[in-house]
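Asker: please find the sequence and the predicted model below.
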Amino acid sequence: MVIVMKAKASQDQINNVEKLLKDLKLGVHVSIGSERTIIGVIGDKRKLADTPLEIMPGVDRLVPIMEPFKLVGKTFKPESSIVTVGDVEIGGNSLVMMAGPCAVESQEQLMETALFLRDQGVQFLRGGAYKPRTSPYSFQGLGEEGLKLLAEVRKETGMLIVSEVVSNDSLEKAIKYVDVVQVGARNMQNFDLLQNVGRSKMPVVLKRGLSSNIEEWLNAAEYIMGEGNYKVILCERGIRTFETYTRNTLDLSSVPIIKETSHLPIIVDPSHGTGKWNLVTPMARAGIAAGADGLMVEVHPNPQTALSDGNQSLNFESFKTLVDEIQKIAPILKREFSK
């Protein structure tokens, strides 16, 4: 349930409602909008059976939430959320770009890539220090050493860092080095990890699970937000279907669905979504056209020698083409993207 306060409700009136709910041992999440404040109530609604909330000063109306998720939905927060990391806004008018190698391999590889990407207007360097792989014999990442290399590149370039966490231990380490943690598709329903990400209060990119529907994906975000962390960025990265020509099927219909259902920002990963470098740019264009707030793209100086996901990584020349095309599309959609 959400409690919609009157447009001119005072802060004392809002505080009184919040205190009453907390006294009843209910979860309380306050969303301050441009016109009015909405208070989300989480917990057993039977505790409110004998509480006349409707007549409390400042209360306009009570609205039941029919969806299984509460905090991520637009009933709780009608206005679109903007997640701010450093001086970059995700979900605002400007498109955001997260790019970099699938895996951190060396200081030289990372620095070369970062300097190139920075010149192309990329705000976030993404690189995997921990790599959950299908085969136990594939490259698993450099671990904390990879995180240290990412932090060194941030110091040199000023770029913000995004890196995946795969366990509570890796989360504890990553917090010391990165600006945004990523929860990958394989861990989308690792609920213990999600709750710990929520408690960390770190900005998080939450990727859609391999075979997860949109409701399951939003409920995963609910686990994070339920711990008080509202800095959640959803990422559509394709789902597993019967199609074998591409690595996954990039479900771009999820972008407008998320925009209608949730207030959270959403970005698109056309690299994992297709698994083929030559399909990345066309699907990146389509993702932006569908209304995504940005892209996550894998870029490598020499994809042929990449230790992870070389087939879906763009080289520098191909990434330049992608940026040029996004720059042309953005103004049509009244969005901004500048190098």
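Answerer: Cool, got the structure. Note that the structure is a prediction, hence the values are computed from the model and not measured.
Asker: now for the helix or strand containing Glu298, which elements pack on it?
Answerer: Here Glu298 sits within strand 294-298, counting by DSSP states H and E. The helices and strands touching strand 294-298, judged by 3 or more CB pairs under 8 Å, 6 or more residues apart in numbering; DSSP states H and E, are strand 96-100, strand 266-268, helix 270-274, helix 277-290, helix 316-329. Every C-beta, even on glycine, is put in place using the N, C-alpha and C of the backbone.
Asker: buried residues, stretch 161-178. List them.
Answerer: Using 16 or more other CB atoms under 10 Å as the test for burial, stretch 161-178 gives 161-166, 170-171, 173-174, 177-178.
Asker: tell me the spatial nearest neighbour of Ala289, not counting adjacent residues.
Answerer: Closest residue in space to Ala289, ignoring its immediate chain neighbours: Ile329 at 6.4 Å, by CB to CB, 6 or more residues apart in numbering.
Asker: the one you found touches Arg285, doesn't it?
Answerer: Yes - counting by CB atoms under 8 Å, Ile329 touches Arg285, with 6.0 Å between them.
Asker: burial count for the closest residue to Gln120 other than its chain neighbours?
Answerer: Using CB to CB, 6+ apart and skipping the chain neighbours, the partner closest in space to Gln120 is Val323 (5.1 Å). For Val323, the neighbour count with other CB atoms under 10 Å is 22.
Asker: count the neighbours of the residue nearest to Ala289 for me.
Answerer: As a burial measure, Ile329 scores 16 neighbours (other CB under 10 Å).
Asker: how about low-confidence regions in the protein?
Answerer: By pLDDT under 70, the weakly predicted segments of the chain are 133-140.
Asker: quick one, helices of it?
Answerer: 11-23, 107-119, 144-157, 168-174, 191-200, 214-225, 254-261, 270-274, 277-290, 316-329 (DSSP state H).
Asker: okay, these, which one's buried deepest?
Answerer: With neighbours taken as mean count of other CB atoms under 10 Å, the helices of the chain reach their highest mean count in helix 270-274, at a mean of 28.
Asker: what is that helix packed up against?
Answerer: Counting contacts by 3+ CB pairs under 8 Å, 6+ apart, helix 270-274 is packed against helix 277-290, strand 294-298.
Asker: out of these, flag the one nearest Ala306.
Answerer: Proximity to Ala306 (CB to CB) singles out strand 294-298 among those, at 8.6 Å.
Asker: that closest one to helix 316-329, inter-axis angle?
Answerer: Between strand 294-298 and helix 316-329, the angle comes out at 170 degrees (axes from the mean of the first three to the mean of the last three CA atoms, to 10 degrees).
Asker: and for strand 294-298, what are the contacting residues?
Answerer: The contact list for strand 294-298, computed with CB atoms under 8 Å, 6 or more residues apart in numbering, reads 90, 95-102, 126, 162, 205, 235, 237, 265, 267-272, 280, 284, 287-288, 309, 312-314, 319, 322, 326.
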